[in-house]
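> fold the following.
(one chain, ligands or ions: 1)
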Amino acid sequence: MGPIGFIGLGIMGKPMARNLLKAGYRLVVYDVAPGPVEELTGAGAEAGQSSSDTASRAEMVVTMLPDGPDVEKAVLGPGGVLEGARPGAVVVDMSSISPTVSQKVAAACAEKGIEFLDAPVSGGEPKAVDGTLAIMVGGKPEVFEKALPVLQKMGSSVTLTGPAGAGNVTKLANQIMVACNIAAMGEALVLATRAGLDPEVVFNAVKGGLAGSTVLNAKAPLVIARNFKPGFRIRLHQKDLRNALLAAESMKVSLPVTSLVQQMLMALMNEGKGDLDHSAIVTFIEQMAGVEIKKRE
Ligand code: NAD
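Numbering: from 1, shown residues only. Model prediction:
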């Protein structure tokens, strides 16, 4: 595999790019923010000057950007990946975006003889650092096989879920389950705390039973410690649920619980909590009860 371009070096992109460097790949990196580019060039990557410059120097281009409009700008826009990419190159968008935008970008790539996979991830910053993300991929099987060795350096589970857009449909399903889980955890621990119980004791009592989950294990200790440093930002999860509801509407599917939690996320953003970790969904429920989930004094 020739050099890999990596565009978008935020909470997730930076450690994912580091894992590719560690695996011995040559990397050309680009971000609109200069700080993370400098960090990665310090670790052995080359700096791209723009998305198109990065693509022109790479056989595969990975993008890890906030949302669909950012991917459209970085791939399809002026100075974007498609201006520079070599025919036969593979663009792997690992951002969580609307499946419709993935399909639009895939079609624009195909017109230029460029292959495309949507490959969003789950697992958050810790798994991005460890290289153990769950990666859900949409695209052609032969392109998936080509990209697989690279994706396996960033994730421990890499699954082809269907054609272009399928990765992001799977990711929306994932995001629904995570957000609703956090909201349910918030209601449960508010109730227990109001009843005078220590939420840590309650967490330890239930985590081995049917209510136990990866979400509970990851987030309950942080909530009890009142640590809402992101992780995964409220504003990004609000974006994911908005994309899920838009997709659901286009298919005439009703998602009542998702829609309720999306409203909570919107309210939290209006309160200035958009950059807190999504575990701060619990603060919406806490406010309604006048209770804070923390260790009993
Ligand atoms: P982030 O906001 O930390 O990083 C995004 C990076 O993209 C920033 O460094 C920004 O400067 C850069 N950027 C934005 N527009 C650009 C452009 N046009 N060209 C070049 N660089 C540009 O976000 P993140 O947490 O790393 O998330 C990235 C994606 O991964 C999102 O779609 C998110 O939903 C998804 N995701 C995040 C997590 C998580 O826990 N943080 C987990 C799973 C999936």
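
> drop to CA atoms for contacts and neighbour counts, all remaining ones
Noted.

> now do the contacts for whichever residue of the stretch 51-200 of the chain sits closest to the ligand.
Residue nearest to the ligand within the stretch 51-200 of the chain (Cα to the nearest ligand atom): Gly124, separated by 3.3 Å. Contact analysis of Gly124 by Cα atoms under 8 Å, 6 or more residues apart in numbering lists 12, 133, 231-232.

> tell me the pLDDT of it.
Note on Gly124: pLDDT of 89.

> against Pro15, how distant is it?
Gly124 sits 11 Å away from Pro15, going by Cα to Cα, to the nearest Å.

> one more: Lys252?
Look at Lys252 and Pro15: by Cα to Cα, they are 38 Å apart.

> which of these two has more neighbours?
For Lys252 versus Pro15, neighbours defined as other Cα atoms under 10 Å are more numerous around Pro15 (21 against 10).

> ok, that one touching Pro126?
No. In this structure, Pro15 is not within contact of Pro126 by Cα atoms under 8 Å, at 9.2 Å.

> can you give me the strands in the stretch 101-250 of the chain?
Using DSSP state E, counting those that start in this stretch, the strands of the stretch 101-250 of the chain run over residues 115-118, 121-122, 133-138, 155-162.

> just name the most buried of those strands.
strand 115-118 (a mean of 28; mean count of other Cα atoms under 10 Å).

> for this protein, what lies in contact range of the ligand?
Proximity of the chain to the ligand, by Cα under 6 Å from any ligand atom, involves residues 7-13, 31-33, 64-67, 70, 73-74, 95-96, 121-125, 231-232, 236.

> taking those one by one, which sit in helices?
The helices, defined by DSSP state H, take in 13, 70, 124-125, 236 from these.

> what about Glu145, neighbour count?
By the criterion of other Cα under 10 Å, Glu145 has 12 neighbours.

> how about the contacts made by it?
Applying Cα under 8 Å, 6+ apart, we find Glu145 in contact with no residue.
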